[in-house]
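Asks: Can you look at this prediction? I've put the sequence above it.
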Amino acid sequence: MTKRLLMLCGIAGSGKSTWAKEYIKDQKRQSKNIVRISRDEIRFSLVGENEEYFSKETQVFNTYIKNIRKYLEDDITDIVIADATHINANSRKKVLKKLNLSNIIVVAVVFETPVSRCIEQNELREGRECVPRIAIYNMKKHFTMPTYEEGFNEIVSAGGILCKS
């Protein structure tokens, strides 16, 4: 089986991490080896409670790439989920350029959740996980749809990829 990299693309609060966790359960029921690499989880493990959110961005990015690469290169994992916003071509290109993607099927999984719903879902978060509203509006303003020219083999809607059994 050819490995797959699922790059989640959507603004904060659009349901990316929740979707990924459900997708993992579904794939494990089908005996697939799947792993989720969350940029936020990496950030929260590296940035102290009183430190600025982006204070260690280079280390966060490098760790994110290293972890994705590790699972893409092993002999066990079938699917790697890259869980971050990836809201525009530049952010996606930066990630894809750092990875060795030969013989990997690269899928953009797009979340087109309305901003009002993103804000509702975001307000259920606590502490540092809650994103300022202005940041959500800015992400929406700068969001661009992934294209095949960026290096994707497939571009799918998040609603169309999870099939529950």
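Replies: Arrived safely, thanks for sending. Numbers count the residues shown, from 1 in each chain.
Asks: Buried ones in the longest helix along the chain, by neighbour count?
Replies: Ordering each helix of the chain by length in residues (DSSP state H) puts helix 57-73 first. By 16 or more other Cβ atoms under 10 Å, the buried positions in helix 57-73 come out as 60-61, 63-65, 67-69, 71-72. Heads up, the C-betas are built off the backbone N, CA and C, glycines and all.
Asks: can you give me the helices for the protein?
Replies: Using DSSP H, helices in the chain cover 16-29, 39-46, 57-73, 89-98, 115-122, 133-142, 158-161.
Asks: quick one, what contacts residue 104?
Replies: Listed by Cβ atoms under 8 Å, 6 or more residues apart in numbering, the contact set of residue 104 reads 2-5, 72.
Asks: which of these are buried?
Replies: Among those, those that count as buried by neighbour count (16+ other Cβ under 10 Å) are 3-5, 72.
Asks: Quickly check the residues you listed for the two that are furthest apart.
Replies: 4 and 72 (9.5 Å; Cβ to Cβ).
Asks: Show me whatever sits in contact with both of the two.
Replies: 80, 104.
Asks: that older thread, now, which of the contacts of residue 104 lie within strands?
Replies: Secondary structure defined by DSSP state E assigns 3-5 of the contacts of residue 104 to strands.
Asks: where in the protein is pLDDT low?
Replies: Applying pLDDT under 70 to the chain picks out residues 1, 53-54, 160-165.
Asks: again, only this time at 80
Replies: Along the chain, the parts satisfying pLDDT under 80 run over 1, 49, 51-55, 100, 159-165.
Asks: Point to the residue nearest the middle of it.
Replies: residue 83 (2.1 Å; Cα atoms, centre = their mean).
Asks: what bridges to it?
Replies: As for beta bridges, residue 83 partners with residue 38 under DSSP bridges.
Asks: Only the C-alpha atoms, please, for stretch 124-143, written as PDB.
Replies: Only the C-alpha atoms of stretch 124-143 are listed here, as PDB (Å, rounded to 0.1, in the frame of the first residue of the first chain):
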ATOM      1  CA  LEU A 124     -15.900  26.000  23.700                       C
ATOM      2  CA  ARG A 125     -12.100  25.800  24.000                       C
ATOM      3  CA  GLU A 126     -10.300  26.800  27.200                       C
ATOM      4  CA  GLY A 127      -7.000  28.600  27.900                       C
ATOM      5  CA  ARG A 128      -4.400  29.000  25.200                       C
ATOM      6  CA  GLU A 129      -6.500  26.700  22.800                       C
ATOM      7  CA  CYS A 130      -9.100  29.500  22.400                       C
ATOM      8  CA  VAL A 131      -8.100  31.600  19.400                       C
ATOM      9  CA  PRO A 132      -8.900  35.400  19.400                       C
ATOM     10  CA  ARG A 133     -11.900  36.100  17.100                       C
ATOM     11  CA  ILE A 134      -9.900  38.600  15.100                       C
ATOM     12  CA  ALA A 135      -7.400  35.800  14.300                       C
ATOM     13  CA  ILE A 136     -10.200  33.600  13.000                       C
ATOM     14  CA  TYR A 137     -11.600  36.400  10.800                       C
ATOM     15  CA  ASN A 138      -8.000  37.100   9.500                       C
ATOM     16  CA  MET A 139      -7.500  33.400   8.700                       C
ATOM     17  CA  LYS A 140     -10.800  33.300   6.700                       C
ATOM     18  CA  LYS A 141      -9.700  36.400   4.800                       C
ATOM     19  CA  HIS A 142      -6.400  34.800   3.800                       C
ATOM     20  CA  PHE A 143      -7.600  31.300   3.200                       C
END
